[in-house]
Structures are given as structure tokens and as C-alpha cells.
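*Asks:* Next come a sequence and a model predicted from it.
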Amino acid sequence: MRAGLRAASRPPRTRDADADGRSGDVVLRPAAATMAFVGVDHPHEPVAVPGVTLAPEDVLVAIELSTVCGSDVHTVQGRRPAPTPIVLGHESVGRVIAIGAAGAQAVGGTPLRVGDRVVWSVTVSCGACDRCEAGMTQKCRDLGKYGHERIAPRRELTGGFASHAQLRRGTALVRVPEALPAGVLAPASCATATAMAAIDRAAQGRALHGVRVRIHGAGLVGLSAAAIAASRGAQVEVRDPNPKRAALAERFGARASDPTAEPDIVVEACGHAVSSALTDVAVGGTVVLVGSVFPADPVPMDAESIVRRMLTVTGVHNYAAGHLADAVTFLERHGAAYPFDEVVGAVHPLTHLDAALAAAAAPDAPLRIGIAPR
């Protein structure tokens, strides 16, 4: 199955469903399929889920396509801790097949309906704590994360490497166009939305036309950030030690590197160029750190230089609901100008998940490997 194809899903059987398909108990025939990670050096184990009980504002989605993020690879390699057993995967696109009795809303406040094609946030937020009220929903004090939580009773469908996902209240759901391929949309739930958050933080509300932007790292976050910045008129440069990735960056809006130019904005999206980012940015410039999520060597920081050059140094981890909505809007309006439809290099069936993860970990792996449940 190609990433752009959309598989049909057999409607679930529900008990006491109303005219909008709302129900508490949902019986799935055939049973929902998941692949559980049980530990490093162990193959994933299939787990069948014959039915779910939806909380009043839950949404049940039949997954169309998921993609393998670098954090999934780090987990199965033992470089990132995770509770086990767990269903990994947090970049997905799917279709709503059941909704809890109280209904649910998409980002923007419109009611969700059975049949809507959607992407959803990595995080689940309470919306009421001080961090949520300050706009940092991705750092909610009662945070949940898809693809990061241990399997538990009534919490079996919490990752993207499955046929279905049960989405809880506090999840940002965004309707997506039918015309956009699944391979373009699935990474929006992580890479594209994170890139949007990084560029928004760097811009600080100003227009980017003519602004010099340097991006370290030509992974999907870095390339997406390049395309977003270029679409806003920025002069974008991407640096990556991999010559193939560096060449690919030109198709995502990057220009040839000018070693004499001082960038106004530097987005560090690889985790290995923090010192260069801080050294090279222009006076009054902004450095956005995105890639230093996983353990990396300590980086010395010259506080005097930062003060005298009046730099802004900030970090971005995940994103808020508005960034996901903006990422989808960007892909709909501008995505065709860049090779987002080539991001997914291969699509593996869910039952071949271990092979897909091995392919994603290969030195010359494509930007993303796809997982199709059907």
C-alpha cells in the first residue's frame, strides 16, 4: 500500500449508539490490532483488543497510516527509556469511527463527526493547570502522551503502531483534507507541528521576509522548519554533515550557504551544533534549540557573550494545539511546493513492524518509514 492510499475500515458495532454514532461501549470486529514493545532485543508482540469503553469525550479513530519517528527508533534501541509493555508510535492520521456520549470538538471548536479524517496531538493536557493556562499545554502538570504510556486496562490503544487509537479528552484533533496523502499528514503530528512551534518561537510575532535563518540538521523537523520559514519569505540555509540530506534541503526552500553571513535566527534541530548556533548568530539574534531532547554531551555556554550580544536563547519541546492546526494549514496551502509527498520512503504492514523499525534505523534511511495497519 502506498502512503497516499486510504484504506477502508469496517464500521464498529456499538451498544446504545445515537444518531451521531456516539456510544460508550464499542465492539470491534475484527478486533483492533496493536504491536506491543516489551523490551530491547525482543520482537514486538501482537495484542488484540476486541472492544473499548469510551469515556464521554473520547474519540475512537481507525488509523490510516503511522510513521516511525526517531524517538521510536531510540526506544527500541535502548537509548530512550520507556515503560513496558507499550504501544509506540505518535505520528498518525486516521478516521473517526466512534465518539463518546458527550461528543468531542476539533481544534477551533467545531464538533467532530464520525467519518472525519483527522490528525491528533502527541500530548493530552488538562487545560486547567497553570501551565496549560499559560499556553504550555505540552508541559501540562497532568500530561499524557500517545506512544509513551504503558499499556493498562482501558488504555490499550494509546500508540500509533496499531489499527486504532482511543483519544482522550485534552487531545488536540485537527480535521485534515481528503486530498492530502497520508504520508504527508502523519508526520504533522510530530515533526511538522514541532517545526511550526520552532519557527513561531523564533519569529516572535515578526514577519520573516528577508530574515536570515540558519537551520542545523536536515532531518524532518529541520527540513520542515526550512520550508515553513521559506514560505514566509526568509532566506534559509540548512547545514547537515550528510551531503544527501544537505542537497535535499534545497528542495525544501534552502539556499546555498554563505559563510560570511551572520544569521538572524538559528534553529538547532540536530542536537550536535549548539555551540556553533550560539557562536554564529548575529547580534540581537535568536537561537531556538529543538534537537537536544536526547542525552548529548554537555555544551559550554559563554554567558558574557550572550549578554553582550543581546541574544535570545530558547527551547522548544513538542507543541501546542494551534501549532498542529497551523501545520496542517501550511501543508494544505504550501506543501505541494516542497517534496513532502516523498518523505515516506516505504510502507510496511503493521505485522512487519520490527522490519520497519530496522529500516528506519539504517544509516541511509528515508526521512520516514510508514506503517499501514491494513
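*Replies:* Thanks, I have it. As the structure is a computational prediction, the values presented were derived from the model and not from experiment.
*Asks:* use CA for all of it now, contacts and neighbours both
*Replies:* Noted.
*Asks:* Just give me the neighbour total for the residue lying closest to Ala62 once chain neighbours are set aside.
*Replies:* In space, not counting the residues next to it along the chain, Ala62 is nearest to His164; the distance is 4.5 Å by C-alpha to C-alpha, 6 or more residues apart in numbering. Here the number of neighbours of His164 (other C-alpha atoms under 10 Å) works out to 27.
*Asks:* which ones are touching His164?
*Replies:* By C-alpha atoms under 8 Å, 6 or more residues apart in numbering, the residues touching His164 are Ala32, Ala33, Thr34, Leu60, Val61, Ala62, Ile63, Leu157.
*Asks:* check contacts around Met196.
*Replies:* Shown in contact with Met196 (C-alpha under 8 Å, 6+ apart): Ser224, Ala225, Ile228, His323, Leu324, Asp326, Ala327.
*Asks:* The first one touches Ala195, doesn't it?
*Replies:* By that I understand Ser224. Yes: between Ser224 and Ala195 a contact is recorded at 5.9 Å, counting by C-alpha atoms under 8 Å.
*Asks:* what about the residue nearest the centre of the chain, distance to His90?
*Replies:* Using C-alpha atoms, centre = their mean, the residue of the chain that lies closest to the mean C-alpha position is Cys190, 0.9 Å off. For Cys190, the distance to His90 under the criterion C-alpha to C-alpha, to the nearest Å works out to 7 Å.
*Asks:* Where does the prediction get shaky in the stretch 151-300 of the chain?
*Replies:* Within the stretch 151-300 of the chain, the set of residues satisfying pLDDT under 70 comprises 292-296.
*Asks:* same question, the stretch 1-150 of the chain
*Replies:* Screening the stretch 1-150 of the chain residue by residue with the criterion pLDDT under 70, one finds the ranges 1-23.
*Asks:* switch to 50 and redo it
*Replies:* 1-9, 14-17, 19 (pLDDT under 50).
*Asks:* ranges for the helices of it?
*Replies:* Residue ranges of the helices in the stretch 1-150 of the chain, as given by DSSP state H, counting those that start in this stretch, are 70-76, 130-133.
*Asks:* With mean neighbour count and distance to Ala182 added, can I get those helices in a markdown table?
*Replies:* Formatted as a markdown table, those follow (neighbours: other C-alpha atoms under 10 Å; distance: least, C-alpha to C-alpha, whole Å):
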| stretch | mean neighbour count | distance to Ala182 |
| --- | --- | --- |
| helix 70-76 | 19 | 19 |
| helix 130-133 | 15 | 30 |
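*Asks:* would you list those in JSON lines and tack on distance to Ala256?
*Replies:* Formatted as JSON lines, the entries for these read as follows, by distance: least, C-alpha to C-alpha, whole Å:
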{"stretch": "helix 70-76", "distance to Ala256": "27"}
{"stretch": "helix 130-133", "distance to Ala256": "40"}
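*Asks:* by contact count, what packs against the longest strand anywhere in the chain?
*Replies:* In the chain, taking DSSP state E as the definition, the longest strand is strand 25-36. Judged by 3 or more C-alpha pairs under 8 Å, 6 or more residues apart in numbering; DSSP states H and E, strand 25-36 is in contact with strand 13-14, strand 45-53, strand 164-167.
*Asks:* Find residues that contact each of Cys190 and His90.
*Replies:* Common neighbours of Cys190 and His90, counting by C-alpha under 8 Å, 6+ apart, are Val122.
*Asks:* distance between stretch 222-239 and the chain's centre?
*Replies:* Between the centre of stretch 222-239 and the centre of its chain there are 18 Å (C-alpha atoms, centre = their mean, to the nearest Å).
*Asks:* Show residues contacting it.
*Replies:* Where contact means C-alpha under 8 Å, 6+ apart, the residues beyond stretch 222-239 that reach it are 191-192, 195-196, 198-199, 207-218, 246, 249, 252-257, 267, 269-270, 330, 334, 338.
*Asks:* can you pull the buried residues of that stretch?
*Replies:* The neighbour-count check on stretch 222-239 (16 or more other C-alpha atoms under 10 Å) flags 222-231, 233-239 as buried.
*Asks:* hang on, the earlier thing: same list, the contacts of Met196, but as JSON lines with secondary structure please.
*Replies:* Converted to JSON lines, the contacts of Met196 look like this (DSSP: H, G, I helix; E, B strand; the rest coil):
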{"residue": "Ser224", "secondary structure": "helix"}
{"residue": "Ala225", "secondary structure": "helix"}
{"residue": "Ile228", "secondary structure": "helix"}
{"residue": "His323", "secondary structure": "helix"}
{"residue": "Leu324", "secondary structure": "helix"}
{"residue": "Asp326", "secondary structure": "helix"}
{"residue": "Ala327", "secondary structure": "helix"}
